[in-house]
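In: heads up, no residue letters with this:
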C-alpha cells in the first residue's frame, strides 16, 4: 500500500448524513415503486455474520502487524477491514447491526493507527438513526455528503475539500410533479438523444431528472454548466484519445460538479471521484505530498481508461459501463446474472438505489448539456478553459515562493495544482507545477537565484521604483548584508523582485508616504487590496475597476461568480485603478 493517509480516516470524517428514499412512479422500471422497496442485495441479511467475521480477521491481522512495527502492512489490513464492508454488496444503512459495526470499526482502527493524536484532531463519526450512507462497493464509489466536511489535518496543511454532489443526490426524492412524464416528453427524449454520440434506451426517469433540473435543481445545473468550461476541453481531448464517447465527460458534472477537490463520505476524491484503491490501480499516486486523484490531466486520463475498460467489458453498452463506474463491475455483473439480460433498465431492480438514480441522472445531464436551448439553459455562459504554463521546479519548492515570483496567490496555485497536499512540491523529485499563463519565464528567472536548499524557506518581495537596499531592509526587518548575500549580483535598477528569508518579513509591499499633493502617491509594488461589499462578486469588482474578471479570479484564487463576504479583502492587479468606495483600509 502506498498511501500515507489511510482512507478510513477520510471515511470517518465524512461519514454522517441521512439517506432518504425517493419516489419512483409505476411508469419507471418494475420493482422500483419506492426507495424503501428492498433490493435483492438488501435482502441478504444472512451474510452479515460472515462480513463482520472477515472484517474482524483483517483488523486482528492489522493489530499484529502494528505490534511488530510493520506499519504499512498494518494499514493495508485496516483498509481491508473497512473495504470488506464497503465491498460486501449490502446496504449498510439498511442494516442497523452492520451500520453500528462499521462505525465502531472505523473508531477502533482510528485509535490503533493514531493513538497519540490530539483529541481535537480526531475524526467525528456521527451516530444517528440510519445515519450511514449507502456504502456501495468497488472502485469509484462516490456517495454521501456531510453538512460541513471537516478539513484533514494529519500531517498536512489544512485541505479545503468540497462535498461530492452525489452525496446530495443520495438524499434526493423526485417529486410527483417531477416524475409526471407525458407521451410528448418521451417523444422529445427520443428526438434529443440523437444529439448524443452513443446509443442508449430512453426511459421516463430520465425526463424526471430533466424536470428536476429545470425546477428546484436549476442552480446545481447552472453552476455545473458554467464551471464545465474550465475542464471540458481537456476531458474531451482525453476521452477521444482513449476511445471513449466524448459525451461521457458529463460524468464530471454529476460526480463532482467539475470540482477537483470534491470528496465523498467514502473518500472518493477529485473530478472523477476515485477511491484510493482504484486510483492506485490506475496509476494515481497518493503520498504525503500529492494525491493524483485530485489532479487535472492524470485523473482525467485514469477516468477515461477506466470507462474504456468497462465499455469493452459490456460490449459498448455505456449505460452499464456508467452503472459499474458507480457501484462496481462485480455488482453490475451480479445484477445481470439475476436479471438474465445485460440491459440497465432490466437490472434496475437488482442494483442499489444510488446507481438506479446515477445513470438516468447522467443521461439527463448529457441531454441538457447537448441541448441547452431546448431545456432552458441557453443563456448560461461557460467559463473559459484554464490557462496555465507548466514549469519543472526542483525538489521541495515552496508554493509561497512560486506565488510571489508569479504575482499570484497560493490559493490560486493550489487551484491549478489541486493534487498537491501541502504548501510545497514533493520532496526528493523535480515536479511539474502549473502557474498562471505567461508567467513561466519570471518564475524561472527567480528560481535561478534561489539555492536549491533554500527553495522551501525563501520568499520573493517586490521592490518599488526608487527603493534601495536600505529602504527594503528597513521595511522588512532584514539586514542589508543578508539582502546582498541572497541577491548577489542583482541590480535594483533592472529588477523588481528580491529573494528574502521566509521568516520575519514585516512588510512585503511598499508605498511612498503621502504628502500634501495627492498626486505624489506612488502605488504599492504589489497588488492593491480592496474590501468587498455585501453582494459583490469577483466579476462585479472586475467590471468596476476595468480589469479582466479571469485575471482577477486567478489573482485571488476563486471563481469569478463567487459571492464575497462583506469586508473580504480582494487583491487588484497593479495596473488597476482603485475606486475610493472600495480602497483597502
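Out: Nice, I can see it. Note that the structure is a prediction, hence the values are computed from the model and not measured. Numbers count the residues shown, from 1 in each chain.
In: Now do the end-to-end distance for stretch 459-470.
Out: 18 Å (C-alpha to C-alpha, to the nearest Å).
In: Could you check how far it is from the centre of its chain?
Out: Counting by C-alpha atoms, centre = their mean, to the nearest Å, stretch 459-470 is centred 38 Å from the centre of its parent chain.
In: buried stuff in it?
Out: By neighbour count with 16 or more other C-beta atoms under 10 Å, stretch 459-470 contains the buried residues 459, 460, 461, 462, 463, 464, 467, 469. C-betas here are computed from N, CA, C, even on glycine.
In: State whether the third one is indeed within a helix.
Out: Pointing back at residue 461 there. No - counting by DSSP: H, G, I helix; E, B strand; the rest coil, residue 461 is not part of a helix but strand.
In: Bridge partners for it, pull those for me.
Out: On the basis of DSSP bridges, residue 461 is bridged to residue 498.
In: follow-up on the earlier one: tell me the least confident of the buried residues of stretch 459-470?
Out: Lowest pLDDT of the buried residues of stretch 459-470: residue 464, 77.
In: Quick check: that one vs residue 500, distance?
Out: In this structure, residue 464 and residue 500 are 15 Å apart, going by C-beta to C-beta, to the nearest Å.
In: what do you get for residue 85?
Out: 52 Å.
In: go on, residue 229?
Out: Separation of residue 229 from residue 500 (C-beta to C-beta): 38 Å.
In: which of the two has more neighbours?
Out: A count of neighbours by other C-beta atoms under 10 Å puts residue 500 above the other of residue 229 and residue 500, at 23 against 16.
In: which SSE is the more buried one in?
Out: strand 497-501 (DSSP states H and E).
In: where do the strands sit along the chain?
Out: Taking DSSP state E as the test, the strands found in the chain are 162-163, 262-263, 388-393, 431-436, 458-462, 497-501, 528-531, 569-572.
In: closest one to residue 78 among those strands?
Out: Set against residue 78 and scored by C-beta to C-beta, these come closest in strand 262-263, at 19.7 Å.
In: Need the distance between the two termini of stretch 332-348.
Out: 10 Å.
In: If you average the pLDDT over that stretch, what comes out?
Out: Here stretch 332-348 scores 96 as its mean pLDDT.
In: Now do the buried residues in that stretch.
Out: Neighbour-count burial for stretch 332-348 flags 332, 333, 334, 335, 336, 339, 342, 344, 345, 346, 347, 348 (criterion: 16+ other C-beta under 10 Å).
In: Turn those into TSV, columns for distance to residue 568.
Out: Formatted as TSV, the buried residues of stretch 332-348 follow (distance: C-beta to C-beta, whole Å):
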residue	distance to residue 568
332	47
333	51
334	51
335	49
336	53
339	54
342	53
344	46
345	49
346	53
347	50
348	47
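In: Just those: which are in helices?
Out: Assigned to helices by DSSP state H, the following of the buried residues of stretch 332-348 qualify: 332, 333, 334, 335, 336, 339, 344, 345, 346, 347.
In: For the fourth one, list the residues it contacts.
Out: Residues touching residue 335, when contacts are defined by C-beta atoms under 8 Å, 6 or more residues apart in numbering, comprise 347, 350, 351.
In: rerun that using 10 Å as the cut-off
Out: Listed by C-beta atoms under 10 Å, 6 or more residues apart in numbering, the contact set of residue 335 reads 39-41, 320, 323-324, 327, 342, 344, 346-352, 355.
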